[in-house]
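Asker: Pasting the sequence and the predicted coordinates here, then a few questions.
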Amino acid sequence: MQVLILHGRPMEEPSENKMALFNEGMISLYLYTLISLTNYNQDLNPVQTQCGLTLVGIILTTIAVNLAKALLAIMKLVRRYFMRRALIKKMSTTVSIKTEVKRMSILNQKAIEDRQTVLQER
């Protein structure tokens, strides 16, 4: 499976492929360590406790890395959301300013025309 992930790249994003490869590597480490806990190695009792703690460490590391990746993805989405929101607000402000400038120029033009008519009437 690890060779398929390395050469086939089944996910679209490279970070997803790296994460899948990391998870596969951790599964392999877990299984190799789990072999030491079988009855085949009964004479290594003192080492079995350390192997059990190693298994717990592998599991906790895997969970921590996966949670960190998920949190980073969520932070990217939230950041992208707020950046788009700010861009839309900036664009709408720009459009409203342009509309206001046009409205003011029309009002100024009307004021100039009114002054001219008043001056012509005198």
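Answerer: Noted; the coordinates are in hand.
Asker: how much space between residue 31 and residue 15?
Answerer: 25 Å (Cβ to Cβ, to the nearest Å). All C-beta atoms are positioned from the backbone trio N, CA, C, and that covers glycine.
Asker: what does residue 105 give?
Answerer: Counting by Cβ to Cβ, the gap from residue 105 to residue 15 is 51 Å.
Asker: Give me the distance from the lengthiest helix in the chain to the chain's centre.
Answerer: With secondary structure taken from DSSP state H, the chain has its longest helix at helix 45-121. Put simply, helix 45-121 sits 13 Å off its chain's centre (Cα atoms, centre = their mean, to the nearest Å).
Asker: for that helix, packing partners?
Answerer: Secondary-structure packing of helix 45-121 (3 or more Cβ pairs under 8 Å, 6 or more residues apart in numbering; DSSP states H and E): helix 14-35.
Asker: quick one: the helix it packs on to helix 45-121, angle?
Answerer: Angle, helix 14-35 to helix 45-121, by axes from the mean of the first three to the mean of the last three Cα atoms, to 10 degrees: 160 degrees.
Asker: hey, C-alpha coordinates of helix 14-35 in CSV?
Answerer: C-alpha atoms of helix 14-35 as CSV (Å, rounded to 0.1, in the frame of the first residue of the first chain):
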residue,chain,number,x,y,z
PRO,A,14,0.2,16.3,-2.2
SER,A,15,-0.5,16.9,1.5
GLU,A,16,-3.2,14.2,1.5
ASN,A,17,-0.8,11.7,-0.1
LYS,A,18,1.9,12.6,2.6
MET,A,19,-0.7,12.1,5.3
ALA,A,20,-1.8,8.8,3.9
LEU,A,21,1.8,7.6,3.7
PHE,A,22,2.4,8.8,7.3
ASN,A,23,-0.7,6.8,8.5
GLU,A,24,0.4,3.7,6.6
GLY,A,25,3.9,4.0,8.1
MET,A,26,2.4,4.3,11.6
ILE,A,27,0.2,1.3,11.0
SER,A,28,3.3,-0.7,9.9
LEU,A,29,5.2,0.4,13.1
TYR,A,30,2.2,-0.5,15.2
LEU,A,31,1.9,-4.0,13.7
TYR,A,32,5.7,-4.7,14.0
THR,A,33,5.6,-3.6,17.6
LEU,A,34,2.4,-5.7,18.2
ILE,A,35,4.3,-8.8,17.1
